[in-house]
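1. make a model of this:
(chains A and B)
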Amino acid sequence: MRKLSTRRRHPLAGFVVLLMGLVVAGGMYSAFAPKPATAEEASARDIEAGRQLFLIGCSSCHGKNAEGIQTKRDGNYGPTLVGVGAAAVDFQVGTGRMPLANSGPQAPRKDPEYTAEETRQVSAYIASLAPGPAIPADEYLDTDGVSAEGLAEGGEFFRTNCTACHNSVGAGGALPSGRYAPTLKGVDAKHIYEAMTTGPQQMPVFADTTITPEEKRNVIAYIKKIQSQPEYGGMAGGGHGPVVDGLFTWVIGIGGLVGFAIWIGAHGARVKK
Amino acid sequence: MTDLVEGPDASEPIKNPGLQEHQERPQDVDPKAARRTERQISGMFGLATLLMLGFCVAYVTIDKDQTFLGWSAMNFTLGSTLGGALLLMGVGIIQWAKKLMGDHEIIEMRHPVASSDEDRESVLADLNKGINESAIGRRPLIRNSLLGAMGALGLPAVILLGDMGPLPHGQRKTVWTKGMRVVNDVSGTPIKPSDLEVGALVNAEPAIMYETDEHGEHVLHGKELLQAKSKAAVIVVRMRPEDVTPAKGRENWGIDGILCYSKICTHVGCPISLYEQQTHHVLCPCHQSTFDLADNGKVIFGPAHRALPQLPLAVDSEGYLIAVSDFPHIVGPSYPELARDQKKLDKKS
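-> Modelled structure (predicted):
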């Protein structure tokens, strides 16, 4: 084994030294060169943009720092949003419930006022104030790959936790004082998930600690499945249950038959000739 | 036809108008119209036959998973063919009766409802003869013992009623015991206080529902599991501690605003978990009984008579929620002896 120095006069030695110099210089440059904007900085910009949107659209009720506004009689003009998390904003703004058009027993679902980009920015701002439920990861919203066992388990969770208010096929139902549990038909998987983790309005919170993200995904898969099933029994009439079905059958069904019978009896076959 | 005498009569101050003049139907006077109606009716019956054949074809050929306008194609076709066939047959029969069958007025006179005097006399005579021959009036022993036997016929019916079900005294005990963990329904996972945010609701069960013995078999299964579940199911909620107004003696039944109540309505026993997290009210979907969980489960609306029983909670050495005891108040719907059973329960504890 000869020493490296004995090769210094090799015809290719100059090229090797040049190559090494280039690699070192290139490495130094890449280490110290100004970087393009990273995710953290984009997030910081989102937060600032979200704060501006919040000041214009939300702060009149929720306070300039999202601290909430108390009325003189100790009521809640707008609740504090510190700690509600990005999921709450994404749900409330993404389903059009916020901004509230007028005060009433309950904020109704309507067309969203903010774009997806703006919603994301306001969510980022509120999430930056205090930790809270985050917007769910896509893997828990994709219900295509859920197995039959997963669907069955989702159905059990749904019947145990959701049907009391949202009806056994998710058609929704009434609550006292003009409030209601809304229908789950046509609601995004993301918004169903966020409703569970944040508990909007009168809905209780079903956090990831008690119903895991996988279990939530199964619940959503079950809801989507029962909504896409063909109606084997004919017209479901909205799936509102036996009272509506009975009303329809007795008033329109039986009533129609009685009317038909009376019509048969009232119309004689004789005509004056 | 004596009622149809002409002219004024003392017994009939208003003249009997008699029958209206008979009107002919088109089918009675026009043979062409009659034939047309005949063709219409037989056409309906023929179409009904075709629809029945269509029913048979649909039954064999349509796949049960096929859909039509979002409905099951098979159910839709079977229903519309059979329903259509029956409707056509019915309409055809009515047309036949109204347009082609004999059309003439018939009078049926009213008669007194009573039997004739001769009939009545002979029936009474037969009855008296029978009574005399049976000597029921002269042999009271036989008569009274027969009446006694007929009265005793009620006893078997009364004794059978005893098997309508056990008296509900077993209701005062559930499977909850001191130290049993409160676990999530369906998944069976135990619950830590830190898992619950303010506003949270957990539909929960006693841990024994998910316990297995050394052979890996569930401790409770089948009928026992369902019976235990129907009494021991609970809801766990968390609210701000300052919102809770515990009754005397209940101050330490919750943990930092976490409270546990029976899920069985005290009216007729429906499972209730319709919980409004801002008002802390839980509603029964059956008859709208409403309980205030922040105020010891007090009834604030509806037909329920007793407050929702509360389960006292504690935390075990591993930090999971456990029951301190069985329910101090009887769960489930009220029954006549409930007050007595509750007194016994109070004495024991």
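
2. show me which residues of chain A sit near chain B.
-> Counting by CB under 8 Å from any CB of the partner chain, chain A comes close to chain B at A:153, A:156-157, A:160-161, A:164-165, A:173, A:175-176, A:179, A:199, A:201-207, A:209-212, A:215, A:230-235, A:264, A:268-273. Where C-beta positions appear, they are placed from N, C-alpha and C, glycine not excepted.

3. now, which of these lie within helices?
-> Here DSSP state H is the test, and the residues of chain A next to chain B give A:153, A:156-157, A:160-161, A:164-165, A:215, A:264 as lying in helices.

4. any low-confidence regions in chain A?
-> Applying pLDDT under 70 to chain A picks out residues A:1-4, A:33-42, A:269-273.

5. all helices of it, in order?
-> A:13-32, A:39-57, A:59-62, A:85-94, A:116-129, A:148-161, A:163-166, A:189-198, A:213-228, A:242-247, A:255-266.

6. dump those to TSV, plus mean neighbour count.
-> Conversion of these to TSV gives the following (neighbours: other CB atoms under 10 Å in any protein chain shown):
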stretch	mean neighbour count
helix A:13-32	10
helix A:39-57	15
helix A:59-62	18
helix A:85-94	26
helix A:116-129	21
helix A:148-161	18
helix A:163-166	21
helix A:189-198	23
helix A:213-228	20
helix A:242-247	12
helix A:255-266	10
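
7. and the particular helix or strand that has B:L147 in it, how far out from the chain middle?
-> For B:L147, the element it lies in under DSSP states H and E is helix B:140-152. Centroid separation between helix B:140-152 and its chain, computed with CA atoms, centre = their mean, to the nearest Å, is 41 Å.

8. restricting to C-alpha, output that helix in CSV.
-> C-alpha atoms of helix B:140-152 as CSV (Å, rounded to 0.1, in the frame of the first residue of the first chain):
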residue,chain,number,x,y,z
PRO,B,140,-131.4,-25.3,46.0
LEU,B,141,-128.4,-27.4,47.0
ILE,B,142,-127.7,-28.3,43.3
ARG,B,143,-128.3,-24.7,42.2
ASN,B,144,-126.1,-23.1,44.8
SER,B,145,-123.3,-25.7,44.4
LEU,B,146,-123.3,-25.0,40.6
LEU,B,147,-123.1,-21.3,41.2
GLY,B,148,-120.2,-22.0,43.6
ALA,B,149,-118.4,-24.1,40.9
MET,B,150,-118.9,-21.3,38.3
GLY,B,151,-117.4,-18.8,40.8
ALA,B,152,-114.4,-21.1,41.4
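
9. contacting residues around residue 245?
-> You didn't pick a chain, so chain A it is. Listed by CB atoms under 8 Å, 6 or more residues apart in numbering or on different chains, the contact partners of A:D245 are A:G237.

10. right idea, wrong chain: chain B
-> Contacts for B:T245 (CB under 8 Å, 6+ apart) come out as B:294-296.

11. that's a strand at it, yeah?
-> No. According to DSSP: H, G, I helix; E, B strand; the rest coil, B:T245 belongs to no strand; its state is coil.

12. from B:V237, how far off is it?
-> Separation of B:T245 from B:V237 (CB to CB, to the nearest Å) stands at 14 Å.

13. again, but for A:I192
-> Taken as CB to CB, the span from A:I192 to B:V237 is 21 Å.

14. again with A:S43
-> Using CB to CB, A:S43 is found at 35 Å from B:V237.

15. repeat for A:G268
-> Using CB to CB, one obtains 68 Å as the distance from A:G268 to B:V237.

16. report the contact partners of the closest residue to chain B within the stretch 1-150 of chain A.
-> Nearest residue of the stretch 1-150 of chain A to chain B: A:P133, at 8.7 Å (CB to the nearest CB). Taking CB under 8 Å, 6+ apart, we find A:P133 in contact with A:84-88, A:194, A:197-198, A:207-208.

17. was I right to think A:L184 contacts A:Y222?
-> No. Between A:L184 and A:Y222 there is no contact under CB atoms under 8 Å: 10.5 Å.

18. circling back: mind giving me the ChimeraX select for the residues of chain A next to chain B, buried ones only?
-> Selection of buried members from those for ChimeraX, criterion 16 or more other CB atoms under 10 Å in any protein chain shown:
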select /A:153,156,157,160,161,164,165,173,175,176,199,201,202,203,204,205,206,207,209,210,211,215,230,231,269
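
19. from the residues of chain A next to chain B, which land in strands?
-> Of the residues of chain A next to chain B, the ones assigned to strands by DSSP state E are A:G173.

20. what's the distance between the nearest residue to B:L308 once chain neighbours are set aside and B:K223?
-> Among residues not flanking B:L308 along the chain, B:G297 sits closest, at 3.3 Å (CB to CB, 6 or more residues apart in numbering or on different chains). From B:G297 over to B:K223 the distance is 29 Å, taken as CB to CB.

21. how many neighbouring residues does residue 141 have?
-> Using chain A. Other residues near A:L141 number 19, with proximity taken as other CB atoms under 10 Å in any protein chain shown.

22. nope, chain B please
-> 7.

23. please report how far it lies from B:L147.
-> Counting by CB to CB, the gap between B:L141 and B:L147 amounts to 11 Å.

24. contacting residues around the nearest residue to B:A314 once chain neighbours are set aside?
-> Residue nearest to B:A314 in three dimensions, not counting chain neighbours: B:V324, with 5.0 Å by CB to CB, 6+ apart. If you count contacts by CB under 8 Å, 6+ apart, B:V324 has them with B:178, B:253, B:311-314.

25. for B:V324, give me the pLDDT.
-> If you check B:V324, the pLDDT there is 94.

26. do B:G170 as well
-> At B:G170, pLDDT is 70.

27. what's the separation between it and chain A?
-> 25 Å (CB to the nearest CB, to the nearest Å).

28. now for that residue, how many residues are close by?
-> When neighbours are counted by other CB under 10 Å, B:G170 comes out with 11.

29. surely it forms part of a helix?
-> Yes. Assignment of B:G170 by three-state DSSP places it within a helix.

30. who touches it in this structure?
-> Contacts of B:G170 by CB under 8 Å, 6+ apart: none found.

31. spatially, what comes nearest to B:F55 if we skip its sequence neighbours?
-> In this structure, B:F55 finds its nearest non-sequential neighbour in B:T81, 4.2 Å apart by CB to CB, 6+ apart.

32. the one you found: neighbour count?
-> Using other CB under 10 Å, B:T81 has 21 other residues around it.

33. same check, this time on B:P26
-> As a burial measure, B:P26 scores 16 neighbours (other CB under 10 Å).

34. is it in contact with B:R36, as I believe?
-> No. With contact defined as CB under 8 Å, B:P26 does not reach B:R36; the gap is 9.4 Å.

35. from the middle of its chain, how far away would stretch A:195-208 be?
-> On the basis of CA atoms, centre = their mean, stretch A:195-208 sits 12 Å off its chain's mean C-alpha point.

36. what residue is smack in the middle of chain B?
-> B:C286 (11.9 Å; CA atoms, centre = their mean).

37. what sits against B:H287?
-> Listed by CB under 8 Å, 6+ apart, the contact partners of B:H287 are B:267-268, B:270, B:302-304.

38. ok, back up a step: pLDDT score assigned to the residue nearest to the residue nearest to the centre of chain B when sequence neighbours are not counted?
-> Closest residue to B:C286 apart from its sequence neighbours, by CB to CB, 6+ apart: B:C270 at 4.1 Å. For B:C270, the pLDDT comes out at 92.

39. show me the contacts for B:C270.
-> Shown in contact with B:C270 (CB under 8 Å, 6+ apart): B:264, B:284-287.

40. quick check: it vs B:N296, distance?
-> Per CB to CB, B:C270 is found 20 Å from B:N296.

41. how about A:V82?
-> According to CB to CB, A:V82 stands 31 Å off from B:N296.

42. still on that earlier bit, next, count neighbours for the residue nearest to B:L308.
-> Neighbours around B:G297, by other CB under 10 Å: 23.

43. list the contacts for it?
-> Taking CB under 8 Å, 6+ apart as the contact definition, B:G297 lies against B:261, B:291, B:307-310.
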